[in-house]
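# Quick one, what's the 3D model for this:
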Amino acid sequence: MSRILVAYFSAGGVTKKVAEEIAAAEKADLFEIAPETRYTAADLDWRDSGSRSTLEMKDPNCRPAISGKVADMSQYDVVFVGFPVWWGREPSVVDTFLDSYDFSGKKIVPFCTSGGSGFGKTAERIQEIVGAAAKVEEGTRLGGTVSEKDLRKWVDGLGL
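Residues are numbered from 1 along each chain as shown. Predicted coordinates:
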């Protein structure tokens, strides 16, 4: 049986809720990707071209500092990575997390929460960050609420 980690970044609590549901369904460990400096409402104002999140997302090399580390990433075979969609991709703070560990030989399963934005080329971006030695699944977009039946169908389809 593979050891599973569900790592997530949640700005407003939606992704956290979905991550907790996945972790419970898979009997997985849970890890919050927490920025060292939490985002304020002003930081998250996508209409403000000078907001923190807008500036971070304009720079593909931006890696905001995160608080905390996974104690032993080597113990996991599968890592779910959850986040809200920002500007059609994963937030830069998630990139910091992905850059922080060696994912060689691991399966990465991205999932995003969004009311309507699609997943885009997020899986390809994540694959570039973690390198060819990791297997990145296509991933999926989940709404703010997901039924246990739909969650189970998606996870079972991954063949973990």
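# other SSEs contacting the helix ranked longest in the chain?
Criterion DSSP state H: the longest helix present in the chain is helix 14-26. If contacts are counted by 3 or more CB pairs under 8 Å, 6 or more residues apart in numbering; DSSP states H and E, helix 14-26 sits against strand 4-8, strand 29-32, strand 78-84, strand 107-113, helix 148-157. Glycine gets a C-beta too; all of them are placed from N, C-alpha and C.
# Direction included, what does the first one pair against?
For strand 4-8, sheet partners with direction are given as strand 29-32 (parallel), strand 78-84 (parallel), following DSSP bridges.
# Let me know the angle separating it from helix 148-157.
Using axes from the mean of the first three to the mean of the last three CA atoms, to 10 degrees, one finds that strand 4-8 and helix 148-157 are set 120 degrees apart in direction.
# which residues touch strand 4-8?
15-16, 18-19, 22-23, 26-33, 70, 73, 76-83, 97, 160 (CB atoms under 8 Å, 6 or more residues apart in numbering).
# again, but for the fourth one
Counting by CB under 8 Å, 6+ apart, strand 107-113 makes contact with 14-15, 18, 22, 77-85, 90, 119, 122-123, 126, 130, 134-137, 139-144, 158, 160, all of which sit outside it.
# Quick check on the residues you listed: which are buried?
14-15, 18, 22, 78-85, 90, 119, 122-123, 126, 130, 134, 136-137, 139-142, 160 (16 or more other CB atoms under 10 Å).
# Give the rounded mean pLDDT of the longest helix of the chain.
For helix 14-26, mean pLDDT is 90.
# CA atoms only for that helix - export them in CSV, please.
C-alpha atoms of helix 14-26 as CSV (Å, rounded to 0.1, in the frame of the first residue of the first chain):
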residue,chain,number,x,y,z
VAL,A,14,-12.4,26.0,-0.1
THR,A,15,-9.3,24.0,-1.1
LYS,A,16,-8.6,23.1,2.6
LYS,A,17,-12.1,21.5,2.8
VAL,A,18,-11.6,19.5,-0.3
ALA,A,19,-8.0,18.5,0.8
GLU,A,20,-9.4,17.3,4.1
GLU,A,21,-12.0,15.2,2.3
ILE,A,22,-9.4,13.6,0.0
ALA,A,23,-7.1,12.9,3.0
ALA,A,24,-10.0,11.3,4.9
ALA,A,25,-11.1,9.2,1.9
GLU,A,26,-7.5,8.0,1.3
